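Here's my sequence, what's the structure:
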Amino acid sequence: MTIHHSPSSRAVAIAAALAATGVLTLAPGAGAASADSDRDGIPDRWERTHGMNPFRAGDARADFDRDGLKNLGEFRQGGKLHDEDTDNDGHDDGDEVHDGRRSTDIDDRDTDDDGTLDGDEDADPDGEDNEDEDDATEPCLADDDDHDADHVDDEDENEHGGRVRDADSDDDDVADGDEDSDHDGEADEDEDDAAEDACEDEADEDEADVLGSIVSFDGTTLVVMTVDGFTLSGEVTESTEIEFEDADEDGAEDGDEGDDVEATTADLQPGVTVAELDFDDETGALEEVEIYMAQA
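Next up is the predicted model:
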């Protein structure tokens, strides 16, 4: 007769300790939960759960959500592999990890508990919110999410009083991106644009933009009624640039896409549609007026 002895708890503890140091090899299956077949630092189970290949080490160096944090970093930091902003605070995961500041955390939207989202903080401080620090250099492939396709990034919706998944947050039949919530003559979608738009193969967010229409122009003061019912006025000076927006491309010269064709003060007639106004921050005078060519 064979007698089987159950191992004591002390024996189990010793075996576990030896296994951890590599002295003892556990039986097949014992370490399945932490197996790492491609030795990339990420357990197989986690890779399968998050759409990675447990037999391809290279995908640990990939960045599935293009947030500046490699997949291995997402695993180590507790981030979401397919969400560039795990805690939805407006500050991308890569920025939160690499900014070297304790005031931001990848999985805490208000790290210092002061009631302001980490993305809206200015950790430097340099006068620019954390979430906007990389906007000027961010290529379109890494642009921030815009779940409702209103051309206002999710991270900026709260600044303009919009909602992340509602393209017309105030139900006035004007898309949030086309609103001018701070009444400065610039559509909300354009507030944080880079100096040069590097977007390719994507719909132009400025196509057919409408700020409002001209109410009056007396030769000096231009008055415009915006699409959301506000009145804007500014002084037109000799240095004010007046341009036609999206002129007829068929008639454009070679190398000229037809945009920004020069107009004159004579074109500032009541009823003419205005695409955008650009005010001088110091004087308040109009630096630029973009209008649509009146239809004959």
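
number of nearby residues for the closest residue to His91 other than its chain neighbours?
Once flanking residues are discounted, His91 sits nearest to Gly119: 4.0 Å by C-beta to C-beta, 6 or more residues apart in numbering. Just so you know, the C-beta spots here come from the backbone N, C-alpha and C atoms, and that holds for glycine as well. Gly119 sits with 28 neighbouring residues when counted by other C-beta atoms under 10 Å.

any idea where the helices of the stretch 1-150 of the chain begin and end?
All helices of the stretch 1-150 of the chain, identified by DSSP state H, counting those that start in this stretch, fall at 9-21, 44-49, 71-77, 93-98.

Only C-alpha atoms, please: export whatever helix or strand Leu222 lives in in CSV.
Assigned by DSSP states H and E, Leu222 falls within strand 221-226. The C-alpha trace of strand 221-226 is given here as CSV (Å, rounded to 0.1, in the frame of the first residue of the first chain):
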residue,chain,number,x,y,z
THR,A,221,-16.1,100.0,-38.1
LEU,A,222,-17.1,96.5,-39.2
VAL,A,223,-20.1,95.0,-37.4
VAL,A,224,-20.7,91.2,-37.7
MET,A,225,-23.5,89.1,-36.3
THR,A,226,-22.2,85.6,-35.4
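
Now for the nearest residue to Asp178 once chain neighbours are set aside, how many residues are close by?
Nearest in space to Asp178, with sequence neighbours left out and distances taken as C-beta to C-beta, 6+ apart, is Ala187 at 5.4 Å. For Ala187, the tally of surrounding residues (other C-beta under 10 Å) stands at 27.

I'd say His91 and Glu131 touch.
Yes. Here His91 reaches Glu131: they are 5.2 Å apart, a contact under C-beta atoms under 8 Å.

neighbour-wise, which of the two wins?
Comparing His91 with Glu131 by other C-beta under 10 Å, the one with more neighbours is His91, at 32 against 26.

so what sits against both of His91 and Glu131?
119, 155 (C-beta atoms under 8 Å, 6 or more residues apart in numbering).

and Ser213, what helix or strand is that in?
Following DSSP H and E, one finds Ser213 within strand 212-217.

Pull that strand out as CSV, backbone CA atoms only.
The C-alpha trace of strand 212-217 is given here as CSV (Å, rounded to 0.1, in the frame of the first residue of the first chain):
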residue,chain,number,x,y,z
GLY,A,212,-21.5,85.0,-39.2
SER,A,213,-22.5,87.8,-41.6
ILE,A,214,-21.8,91.5,-42.0
VAL,A,215,-24.4,93.8,-40.5
SER,A,216,-22.7,97.1,-41.5
PHE,A,217,-19.5,98.7,-42.5
